[in-house]
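Undergrad: Everything below, folded, please.
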Amino acid sequence: QVQLVESGGGLVQAGDSLRLSCSSSRRTSSNNAMAWFRQAPGREREFVAAISWAGGSPTYADSVKDRFSVSRARASSTVYLQMNSLKPEDTATYYCAAARGPYYSGGDVSNIQYWGKGTLVTVSS
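TA: Model prediction:
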């Protein structure tokens, strides 16, 4: 069982930046693609970004492309989500996820094996 723990959420103003971190309890996740999802109040969970097991092939939702950046430090089993130019519509609980395989680019969430418990990001206007 892999435990994922997110951190770095908080309350910021529109235009600010935040960096979310996701730490894994086991190095097993270093062989898996990792992803970030978010869920706003009253809305379904949606894909945000993903990165392959080796730290390449980043993919992004259109709504965050050019503002968010996903990266990973395999040595520490940590995944990051750098969020710039935040907007009020980015307000959501952000979840870290480990995919079942080495590559994941969004889509079918049945390909996600582990989920974190989430960290809240609130962007005020």
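Undergrad: drop to CA atoms for contacts and neighbour counts, all remaining ones
TA: Fine.
Undergrad: what helix or strand does the nearest residue to Ala73 once chain neighbours are set aside sit in?
TA: With sequence-adjacent residues excluded and distances taken as CA to CA, 6 or more residues apart in numbering, Ala73 is closest to Val79, at 6.3 Å. Per DSSP states H and E: Val79 is located in strand 78-83.
Undergrad: roughly how far out does that strand sit from the chain middle?
TA: Taking CA atoms, centre = their mean, to the nearest Å, the mean C-alpha location of strand 78-83 is offset from the chain mean by 7 Å.
Undergrad: what about it, average pLDDT?
TA: What strand 78-83 shows for mean pLDDT is 96.
Undergrad: list the helices and strands that strand packs on?
TA: strand 18-24, strand 68-73 (3 or more CA pairs under 8 Å, 6 or more residues apart in numbering; DSSP states H and E).
Undergrad: Could you list the paired strands of the shortest one along with their orientation?
TA: Here the strand partners of strand 68-73, with direction, are listed using DSSP bridges: strand 78-83 (antiparallel).
Undergrad: What residues sit buried inside the next helix or strand after the partner strand?
TA: Using DSSP H and E, the next helix or strand after strand 78-83 towards the C-terminus is strand 92-99. For strand 92-99, burial by neighbour count (16 or more other CA atoms under 10 Å) applies to 92-99.
Undergrad: Strand 92-99 pairs with which strands?
TA: By DSSP bridges, strand 92-99 pairs with strand 34-39 (antiparallel), strand 112-115 (antiparallel), strand 119-124 (antiparallel).
Undergrad: quick one on the thing from earlier: could you export the helices and strands packed on strand 78-83 as a markdown table, including distance to Ala49, mean neighbour count and mean pLDDT?
TA: Below are the helices and strands packed on strand 78-83 laid out as a markdown table (distance: least, CA to CA, whole Å; neighbours: other CA atoms under 10 Å; pLDDT from 0 to 100):
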| stretch | distance to Ala49 | mean neighbour count | mean pLDDT |
| --- | --- | --- | --- |
| strand 18-24 | 12 | 20 | 95 |
| strand 68-73 | 7 | 20 | 95 |
